[in-house]
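Colleague: only geometry, no sequence info:
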């Protein structure tokens with residue numbers, strides 16, 4: 001059965017991540033919600049014949065099997081609730097809510113109505129993420145005690161047109177809500193539940209928070225150091241995992257984002273272009289190159305389709321969405337007063 005999907009929001013997330021992945025995984029893009037005329041023209045150009053609508057109420061009339069909320073963080077809760085109340089399953093781009101209470105309200109409504117909701121923690125299907133899980137399972141690193149994970153960029157000037165860089169935290173702006181969910185969600189996927197030990201959250205450029213470091217202690221004893229910043233002139237390795245038998249180092253970002261931005265998509269849920277990141281295991285002066293696992297964000301939406309059609313589990317649990325939101329809330333309290 002071909003599933004009909006409506007996409008709320010057609011900016012960066014909607015146009016360059018969700019729409020091509022949904023198309024590649026066999027969904028029918030039935031409706032796109034945007035009030036921006038330029039983005040509406042993009043939607044019509046990308047999907048001729050698609051219904052481009054200006055309100056959530058209108059989008060919900062188009063016999064949808066799924067709603068994807070890819071709008072600004074400020075609108076996530078309201079749009080997700082509208083779809084859930086209409087009996088339509090929902091995928092919300094990360095973060096699900098701007099804070100723990102908002103995230104909790106979405107999850108509780110989903111549970112009350114018996115209508116599923118899930119979060120798009122796509123970086124769990126990066127090449128580096130899948131490679132890390134394979135290496136951890138192999139035991140090649142021995143007893144793991146520490147992980148460093150980074151999303152570091154050098155953008156010394158604030159983009160005045162970006163809500164992510166200009167909106168207040170209360171309205172959903174800042175890197176703590178934009179990039180740290182990727183780092184936290186992958187950390188707990190690899191090493192299990194965690195609590196925040198300490199954090200720093202700062203605005204270096206004078207707009208929304210743009211520089212943060214979070215330290216997590218996982219229940220299994222692993223310590224995760226998570227850095228997200230727009231003002232790092234010399235970014236460190238993307239990921240470094242330290243164990244008793246060696247260290248795994250991955251320097252490069254997964255290539256899927258660049259492919260999606262170039263207009264490519266995983267046809268049939270499978271990439272034909274290379275989607276692997278290079279990885280190395282260091283043992284002092286000895287270096288071993290590891291063949292990376294192929295990344296595939298399409299696996300998320302293939303799992304969503306199976307969940308809707310066959311009742312299989314959704315790809316991201318709401319427990320993880322709530323844990324990520326809780327850690328972010330605590331980091332904002334601790335970090336801004338550090």
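Modeller: Arrived safely. What you are looking at is a predicted structure, and each value in this text was computed from that prediction instead of being measured.
Colleague: Now the lowest-mean-pLDDT helix or strand in the chain: buried residues?
Modeller: Least confident helix or strand, the chain: helix 163-166 with a mean of 87, by mean pLDDT, DSSP states H and E. Of all the residues in helix 163-166, those buried under the rule 16 or more other CB atoms under 10 Å are 163-165. The way it works is simple: take the backbone N, C-alpha and C, and place the C-beta from them, glycine included.
Colleague: any chance of the residues you listed in TSV, with distance to residue 274 too?
Modeller: Output for the buried residues of helix 163-166, formatted as TSV (distance: CB to CB, whole Å):
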residue	distance to residue 274
163	33
164	29
165	31
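Colleague: Would you mind confirming that residue 117 makes contact with residue 316?
Modeller: No. Residue 117 lies out of contact with residue 316 (CB atoms under 8 Å); the separation is 9.9 Å.
Colleague: who touches the following helix or strand past the least confident helix or strand of the chain?
Modeller: Downstream of helix 163-166, the next assigned helix or strand under DSSP states H and E is helix 175-178. Helix 175-178 is contacted from outside by 73, 95, 98, 151, 164, 169, 201, 208-212, 228-230, 328, 331-332, 335, using CB atoms under 8 Å, 6 or more residues apart in numbering.
Colleague: how does it look with 10 Å?
Modeller: When contacts are defined by CB atoms under 10 Å, 6 or more residues apart in numbering, helix 175-178 is touched by residues 73, 94-95, 97-99, 151, 153, 162-165, 167, 169, 171-172, 181, 184, 199, 201, 203, 208-212, 214, 228-230, 325, 328-329, 331-332, 335-336.
Colleague: quick one, helices of the stretch 101-250 of the chain?
Modeller: With DSSP state H, counting those that start in this stretch, the ranges of helices along the stretch 101-250 of the chain come out as 127-138, 163-166, 175-178, 180-191.
Colleague: Select from those helices the stretch with the lowest mean pLDDT.
Modeller: Between the helices of the stretch 101-250 of the chain, the lowest average pLDDT goes to helix 163-166, which shows a mean of 87.
Colleague: ok, and what's touching that one?
Modeller: 11-12, 72-74, 155, 157-160, 171-175, 177-179, 203, 205, 207-210, 230.
Colleague: one more time with 6 Å
Modeller: Here helix 163-166 makes contact (CB atoms under 6 Å, 6 or more residues apart in numbering) with 72, 158-159, 173, 178, 207-208.
Colleague: with those in mind, which one is nearest to residue 139?
Modeller: Nearest to residue 139 among those: residue 178, at 34.6 Å, using CB to CB.
Colleague: any idea how far that closest one is from residue 241?
Modeller: 24 Å (CB to CB, to the nearest Å).
Colleague: Let me see the mean pLDDT of stretch 248-255.
Modeller: Rounded mean pLDDT across stretch 248-255 is 93.
Colleague: Straight-line length of it, end to end?
Modeller: 19 Å (CA to CA, to the nearest Å).
Colleague: buried stuff in that stretch?
Modeller: 248-250, 253-255.
Colleague: Kindly reformat the residues you listed as JSON lines containing distance to residue 81.
Modeller: Formatted as JSON lines, the buried residues of stretch 248-255 follow (distance: CB to CB, whole Å):
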{"residue": "248", "distance to residue 81": "41"}
{"residue": "249", "distance to residue 81": "43"}
{"residue": "250", "distance to residue 81": "38"}
{"residue": "253", "distance to residue 81": "34"}
{"residue": "254", "distance to residue 81": "32"}
{"residue": "255", "distance to residue 81": "35"}
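Colleague: which two from those residues end up farthest apart in space?
Modeller: Maximum distance among these (CB to CB): 18.8 Å, for 248 and 255.
Colleague: quick one: the strands in the protein?
Modeller: Ranges of strands in the chain, per DSSP state E, are 4-8, 28-33, 51-53, 66-69, 90-93, 117-120, 144-152, 194-202, 211-218, 223-229, 239-243, 246-250, 279-283, 286-290.
Colleague: List the neighbouring strands of the fifth one plus their orientation.
Modeller: Sheet pairing for strand 90-93, assigned by DSSP bridges, gives strand 66-69 (parallel), strand 117-120 (parallel).
Colleague: Please identify the deepest-packed of those strands.
Modeller: strand 66-69 (a mean of 28; mean count of other CB atoms under 10 Å).
Colleague: Quick one: mean pLDDT over that strand.
Modeller: 98.
Colleague: for it, the distance to its chain's centre please.
Modeller: 15 Å (CA atoms, centre = their mean, to the nearest Å).
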